[in-house]
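Peer 1: Following is a predicted model, sequence given first.
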Amino acid sequence: MYAIEVDHVSRIYQKYSARHRFQTFKSALVKGDLFRALRPDELVTALENISLNVEKGKTFGVIGENGSGKSTLLKVIAGIAKPTRGKVRTEGKVSALIELGAGFHPEISGRENIYINGIMLGLSKKEISAKFDEIVAFAELEDFIDAPVKTYSSGMYMRLGFAIAINVNPDILLIDEVLAVGDASFVPKCLDRIDDFRRRQKTILFVSHDLTTVAKICDDVAWLKGGRVQAVGEPKRIVDAYLQDVAEKQEKDFEKRRQEPARVKEEDRDRRENRWGKREIEISRVSLKSLEGKGKNVFSPDEAMVIEMDVAALSRQQDFVFGLGIFNSQGISCYGTNTNLEDYEPISIEGEGKVVCRIERLGLVNGTYYLDVAAHKKDGYPYDYHRNLYSFLVSSSWKDEGIARLLHRWEFSANIKINPPKKE
Amino acid sequence: MARFFRNLKELYKYRVLIQNLVGRELKARYRGTVLGFLWSFFNPLLLMIVYTVVFGFIIRPRDPAFNQSPWLYALFLFCGILPWVWFSSSSLESANVLMIHGNLIKKILFPAEILPIVTVTSNFVHFSFGLPILLVFILIFGKGYTAYILLLPLVILVQYVFTLGFSLLIASLTVHFRDIKDILSNWLTFWFFATPIVYPMSFETIRSSSLLQTFLNLNPMTHIMQGYQNCLFFGSMLRWKRLGVTFLVALILFFIGSTVFDRLRDSFPEEV
């Protein structure tokens, strides 16, 4: 029994050219081509022949780069956009969290907006009255509920939007990236509610760039690329494949940029994002691998990670340091080191070579991480500095928090009865 | 045709939403004003005062129907202006309504027709707030009430359907041709004077020119306005044949408006 069936769906957007945009009703009448003017000039294919089935009670993730058709797919399933070809069938009440608080009227109170928004999302007045207190409590807006919505902060606005949408109590919940804007205390609360949904065997379609969450909460993941389904399957495998693809693309971009002559103008140098230095020693390639030497972007905390840098010195250098830094998605430095800090004494480098850093056990908690690598002088003068150019994901079934997963073991005295975790 | 009725049925399911949106529209419009809802009374009153001063006292009414009385003339004006304001502000606001609520169309699943319907309906509510003033004026300056006043709902129905059809057409076309807004405001001024509102059909210039008469009779708003004037001002029977044809025209316009709206519906999320 499928909750969502997407059957060979294509969605073609009609794009009107600039000429058309400036066309006026008058000129259309004068030229007598009113109906031609209403026809699109250009067609953009956002989804191409997509077929997906989501089983009832499953949480299904959709990942992909910007413009890969994720949001369009969601809108087609929600019924907001119609498929140009193909069919979508859904079982039960659908609620889409595409933009929180869409349809709030700024001049009227939060209370009135809850009613109107609730009705728009398909609730009856009675149902809203029954859930009203719960909505207000969830949004933490008890003191402001009678103030006009225009006086709300963006956080309050979003909380109210989410609280209404989640209380619609649909059979199928479609979530599009809405959690990206929440503050640190509200997002876990939302995730709790989503968890609650899953426990009650409701179907969720989850579109997100937050790969950690996708890998954690989804039963299956589809990866969209250029409007087509690139792969469907087990979350970790798909996320890994996706990250590999992103890494390859980054590498290609990198390669292209390397072909261009290095710009050395002083003022230019600082402005170049993410990479600077005159490249007397160049880091031409960075790859993340498993201990067996297989390219990899998703790691578990207990795994080893091998960072390989291909380096090349145009001329012989005697003062050099290689370093790396790992940052989490909040920009907090999780670990940083370099050869100088660890008292390696440089002697010389010339021509091409390889620098490998083996991390025996990664030991980080779930999350997306960014990697800095650099070659510089002891005094800090950069040869080649790559800032946040590489990323990887740590994913495990443990939900522990913080930065590092410290090696630890629990022990209990005999009078405490406690079950050990089930092995995966 | 089947699709037309299916859409109507779908809209019926959304009646609670329409009701609430109209309520919201009315509340939001006067929020922050000192007089609040009273503006629904004051707006037509002030407008009428302007017309009474200009057309009643400065340019004296020449038509015998008014007995040289500026007050009687003001009453006649009011019978036409009140429904006209309903019609003209509905269509002007409908020209913008899809763009203003663009994020609704893009993010929430609901039939977009609701937006112009809400516009026309909330303007109707304003119109009905003005009606008591008109009724009081009839008692003070006019001939008092006649039984024909009971036929007023029929005239209102014809105008409602006509306004709705026109607004749906305007709303959907403006998404693609933004300059309709500007054309419309000028067109409405012309239309206002091409409708017997500031002058009666019995005006001597009109009576002596059959061309002018034909022209005015081709304007559906003429018959709607005459309906109001007959029920309220002259206290005479509605001209059933003319009003009947106008109702038919209104239904056809409503059908055309809904169909054009429906045909263009899929382009709204990308264009608004």
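Peer 2: The structure has been received and is ready for your questions.

Peer 1: C-alpha from now on. contacts and neighbour counts both.
Peer 2: Will do.

Peer 1: so after the host helix or strand of A:Ala313, what's the next helix or strand?
Peer 2: Taking DSSP states H and E as the criterion, A:Ala313 maps to strand A:305-317. Going down the chain from strand A:305-317, the next helix or strand is strand A:321-328, by DSSP H and E.

Peer 1: looking at chain B, which residue lies furthest from center?
Peer 2: The outermost residue of chain B, judged against the average C-alpha position, is B:Lys107 (30.9 Å), by CA atoms, centre = their mean.

Peer 1: For the residue positioned nearest the centre of chain B, pull up the helix or strand it's in.
Peer 2: A centroid search over chain B (CA atoms, centre = their mean) returns B:Phe87, at 2.0 Å, as the residue closest to the centre. Secondary structure assignment for B:Phe87, by DSSP H and E: helix B:70-100.

Peer 1: on contacts alone, who are the packing partners of that helix?
Peer 2: Taking 3 or more CA pairs under 8 Å, 6 or more residues apart in numbering or on different chains; DSSP states H and E as contact, the helices and strands that helix B:70-100 lies on are helix B:39-51, helix B:114-141, helix B:152-176, helix B:180-193, helix B:220-228.

Peer 1: Return the most buried member of those.
Peer 2: Most buried of the helices and strands packed on helix B:70-100 by mean neighbour count (mean count of other CA atoms under 10 Å in any protein chain shown) is helix B:220-228; its value is a mean of 25.

Peer 1: Could I get the average pLDDT for that helix?
Peer 2: Model confidence over helix B:220-228, given as mean pLDDT, is 95.

Peer 1: what angle do the next helix-or-strand element following that helix and helix B:152-176 make?
Peer 2: Remark: after helix B:220-228, the chain's next helix or strand is helix B:240-264, criterion DSSP H and E. Here helix B:240-264 runs at an angle of 30 degrees relative to helix B:152-176 (axes from the mean of the first three to the mean of the last three CA atoms, to 10 degrees).

Peer 1: Name the residues of helix B:240-264 that are buried.
Peer 2: Residues of helix B:240-264 classed as buried under the neighbour-count rule (16 or more other CA atoms under 10 Å in any protein chain shown) are B:242-243, B:246-247, B:249-251, B:253-262.

Peer 1: Pull the distance from that helix to the chain's centre.
Peer 2: For helix B:240-264, the distance between its averaged C-alpha position and the chain's averaged C-alpha position is 15 Å (CA atoms, centre = their mean, to the nearest Å).

Peer 1: elements contacting the helix or strand following the helix holding B:Phe87?
Peer 2: Scanning forward in sequence from helix B:70-100, with DSSP H and E defining helices and strands, the next element found is helix B:102-107. Using 3+ CA pairs under 8 Å, 6+ apart, the elements in contact with helix B:102-107 are helix B:268-271.

Peer 1: can you count the residues close to A:Arg55?
Peer 2: Just so we're on the same page, residue A:55 is Glu rather than Arg. 17 (other CA atoms under 10 Å in any protein chain shown).

Peer 1: mind listing what it touches?
Peer 2: A:Glu55 sits next to A:1-4, A:203 when contact means CA atoms under 8 Å, 6 or more residues apart in numbering or on different chains.

Peer 1: low pLDDT regions in the stretch 251-400 of chain A?
Peer 2: In the prediction, the stretch 251-400 of chain A carries residues with pLDDT under 70 at positions A:251, A:254-273.

Peer 1: ok, which stretches of it are helices?
Peer 2: Taking DSSP state H, counting those that start in this stretch, the helices of the stretch 251-400 of chain A run over residues A:266-271.

Peer 1: residues from it in reach of chain B?
Peer 2: Taking CA under 8 Å from any CA of the partner chain as the criterion, the stretch 251-400 of chain A does not approach chain B at any residue.

Peer 1: Show me where the stretch 251-400 of chain A has its strands.
Peer 2: In the stretch 251-400 of chain A, the strands defined using DSSP state E, counting those that start in this stretch lie at A:275-276, A:281-289, A:298-299, A:305-317, A:321-328, A:333-338, A:349-359, A:367-376, A:382-394.

Peer 1: between the helix holding B:Phe87 and helix B:39-51, how big is the angle?
Peer 2: Here helix B:70-100 runs at an angle of 130 degrees relative to helix B:39-51 (the same axes, to 10 degrees).

Peer 1: Run the chain-centre distance for helix B:70-100.
Peer 2: In terms of CA atoms, centre = their mean, the centre of helix B:70-100 is found 5 Å from the chain centre.

Peer 1: Next: stretch B:114-126.
Peer 2: Between the mean C-alpha location of stretch B:114-126 and the chain-wide mean there is a distance of 11 Å, by CA atoms, centre = their mean.

Peer 1: Kindly report the same for stretch B:142-158.
Peer 2: Between the mean C-alpha location of stretch B:142-158 and the chain-wide mean there is a distance of 16 Å, by CA atoms, centre = their mean.

Peer 1: what about that stretch, average pLDDT?
Peer 2: The average pLDDT within stretch B:142-158 is 89.

Peer 1: quick one on the thing from earlier: residues in contact with the residue nearest to the centre of chain B?
Peer 2: If a contact means CA under 8 Å, 6+ apart, then B:Phe87 has B:120, B:159, B:163 as its contacts.

Peer 1: I'd assumed A:Val321 was in contact with A:Asn338.
Peer 2: Yes - under the criterion of CA atoms under 8 Å, A:Asn338 makes contact with A:Val321 at 6.7 Å.

Peer 1: of these two, who's got more company?
Peer 2: Here A:Asn338 and A:Val321 are compared on neighbour count by other CA under 10 Å; more neighbours surround A:Val321, at 21 against 17.
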